[in-house]
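In: Sequence and predicted structure below; questions after.
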Amino acid sequence: MKDDISLSCRDLERFLGEEEERVHALRGVSLNVEAGSLHAVVGPSGCGKSTLLYILGLLDVPDAGSVEIGSTLIAGLSDEELARRRNQLIGFIFQFHFLMEDFTAQENVMIPMRRLGQLNDEAMSSRAADLLKAVGLGDKIRRQSRHLSGGEQQRVAIARALANDPQVILADEPTGNLDTNNSQRAFELLSNIVRARDKALLLVTHNRFIADACDWVHEMKDGRIVTSHPHGQRILVS
Amino acid sequence: MTAPLYIALRFATHRKRALLLSLVGVIFGVGIFICTQAQTQGFAQFFINSTIGSNGALVLKSRFQPRYEELVVPTKNVSALPARRNYFEGIHNVSEIMRVSRQFSNVVACSPVLRGNVSARSGFETTTVELFGIDPASHLRTTDLAKQIIDGKFDDFTNNTTAVILGYRLADQLEVGCGDSIQLLSPGGEYWRFIVGAIARSGVGAIDATRVYAHTRVAQRLLKKSYQASMIIYKLRDPDRAPALAAHFETLFQHTSQSWQEREESTLQLFIMLRLSVAITVSLMILLAGFGIFNVLTMSVLSKVREIAILRSMGYRQVDISAIFLWQGVLIATVGSLIGCFLGALLTWIVSKVPIHIRGLLYTNHFLVVWDWRHYFWATVLAGIAVFIASYVPAKRAALLQPVDTLRGSSF
């Protein structure tokens, strides 16, 4: 394990719903994700995996506890500040790729870059094309995303997550909607990129094979991380 | 191009049918607003130009006796109602008043008129007419009478003191033309014979049906008046400032003074009411177009919930999401107003060519229109406001959507 921690959280608590329907979704979750490492979060549906992911992705705010990205403590920030950090530091990949259907693959990858506003159109196009080549879609950059296959769309989503060169990539069941072959290919691609570019990857998955291929596996149950073990080991968290 | 604008353009062009529907509403709203305003104001402007061209922008009439109310000590038993003015018929110091009047920068020209009602007779036809005793030279500078001549020549009237100019409807009624004679009955009971030197058409029905112009001195003798003028009419550089000048003249000369706005108040109110009524009707159309846009954008927000969530996850702020939908509104308002303005101009031009036979309050053979940039400006502003209101609510709604709710809903 490297000491270079990209993403960490301490004692996260989160309640969802109101009154009688109130659910204690996260109960004191703590986690460290290092640069260049792959972390998988596994567990049954409703155990709080996605809630954890959204809080770490700054899309949701915890009721207690803290999140740190790099050396920056994320607490009490405005919508504008949270959005800026999401744009610069985090790349999301979802189960249902969530591409803009009428945009081409290249335009989809350019969306986060447009928000960042650091590159001109030409530079953005060039970078998007490079990222799409890296995920094996160099010949389909101008194809509308709805005309791509499921596996190709997920690869566009991976390229898009890397658009602003974020420190952290968060993936919510990135292979959940793909067949076995495509799942394997997408995960291999993702893991290669994460290791080659020294990113931190935290993915939520139900796929045991993918979880086992990660550096760390965190098992969640009833809002807690019950076990946290490195590749090939199993350690019970007290 | 900003990111929200870029995405807004892509979203808008994606839903082409909905965009077209929204655009059509704005285009027709703006176009019809412009066209109807051009028409209603066209008739009003024609009436105003005609009445000012015939009767002047300001008229100075009878002298009155000042009441000096401020000097009177109030007593308990005296009624609080102010005493009525005492009026004295005619203007006696015409030259002096005209000399002083010309010093005012707003006064272009002024002309004395001796006015009286007499009976006119031609053959078996008899009618009551309004006799205007005028000085041709100064009257020419003050009014549009020369331009209003439709038969004969103004010079034929100027060079012949026994000649008169008749309104065209009066000429029709008396069945006379240029060169024919008519008789005017003096207050003493004797008929005076005049030659019809010219026939004029002011465009205002009431003037054309009763007006007879004669030379001042002849009119003075015919009407048996001791004074040269019963009123002085003024041509002003800025007729809109006539009420202020009228009030000033009244104080200065101690003569009743009336602006064209006061004189034509009832007719002008009719035009204003008509214009307002049409404006409200057309504004409702634009409002309906606004509802259409509201529906289209609301549907767009509902269909883009997933995209909004993903944009938020990629770092787009709430204001960026709002801006995406507001930009769509701006796009619809801009393109709609632009095309609407062209449509408005085209409709106005087409309407101005439509033949129409009006011989009442006004005289016209075609629809009267006014080409005024303010109609285009206000139509655009109105469309902009309607579209902004219609876009604001969906935009706000889109901004407040919680991405987590959408993403969580999609994940499980």
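Out: Structure received.
In: for stretch A:88-98, which positions count as buried?
Out: A:88-98 (16 or more other Cβ atoms under 10 Å in any protein chain shown). C-beta here means a position set from N, CA and C on the backbone, and glycine is covered the same way.
In: Check which helices and strands the host helix or strand of B:Ser22 is in contact with.
Out: Assigned by DSSP states H and E, B:Ser22 belongs to helix B:16-55. Counting contacts by 3 or more Cβ pairs under 8 Å, 6 or more residues apart in numbering or on different chains; DSSP states H and E, helix B:16-55 packs against helix B:145-148, helix B:205-210, helix B:260-263, helix B:265-303, helix B:318-352, helix B:373-400.
In: same for the helix or strand that that helix is followed by, what does it pack against?
Out: Counting by DSSP H and E, the element after helix B:16-55 in chain order, helix or strand, is strand B:58-65. The helices and strands touching strand B:58-65, judged by 3+ Cβ pairs under 8 Å, 6+ apart, are strand B:86-88, strand B:231-236, helix B:242-253, strand B:255-259.
In: Can you tell me which of those is most buried?
Out: Comparing the helices and strands packed on strand B:58-65 by mean neighbour count (mean count of other Cβ atoms under 10 Å in any protein chain shown), strand B:231-236 ranks first with a mean of 24.
In: May I have that strand as PDB, with CA atoms only?
Out: Extracted as PDB, the C-alpha positions of strand B:231-236 are listed here (Å, rounded to 0.1, in the frame of the first residue of the first chain):
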ATOM      1  CA  MET B 231     -59.000  82.600 -32.800                       C
ATOM      2  CA  ILE B 232     -55.400  82.200 -33.600                       C
ATOM      3  CA  ILE B 233     -54.200  78.800 -34.700                       C
ATOM      4  CA  TYR B 234     -50.600  77.700 -34.200                       C
ATOM      5  CA  LYS B 235     -48.300  75.300 -35.900                       C
ATOM      6  CA  LEU B 236     -45.800  73.800 -33.400                       C
END
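In: Name the residues that touch it?
Out: Residues outside strand B:231-236 that contact it (Cβ atoms under 8 Å, 6 or more residues apart in numbering or on different chains): B:52, B:55-61, B:91, B:94, B:97-98, B:101, B:106-113, B:115, B:141-143, B:242, B:245.
In: now do 6 Å
Out: B:56-61, B:106-113, B:142, B:242 (Cβ atoms under 6 Å, 6 or more residues apart in numbering or on different chains).
In: Measure how that strand sits relative to helix B:242-253, angle-wise.
Out: Taking axes from the mean of the first three to the mean of the last three Cα atoms, to 10 degrees, strand B:231-236 and helix B:242-253 form an angle of 130 degrees between their directions.
In: Give the pairing partners of strand B:231-236; include direction for each.
Out: According to DSSP bridges, strand B:231-236 has the following sheet partners: strand B:58-65 (antiparallel), strand B:107-122 (antiparallel).
In: who wins for proximity to A:Ala159 among those?
Out: Among these, the nearest to A:Ala159 by Cβ to Cβ is strand B:107-122 (75.9 Å).
In: Looks to me like B:Tyr227 is in a helix.
Out: No. Counting by DSSP: H, G, I helix; E, B strand; the rest coil, B:Tyr227 is not found in a helix; it is coil.
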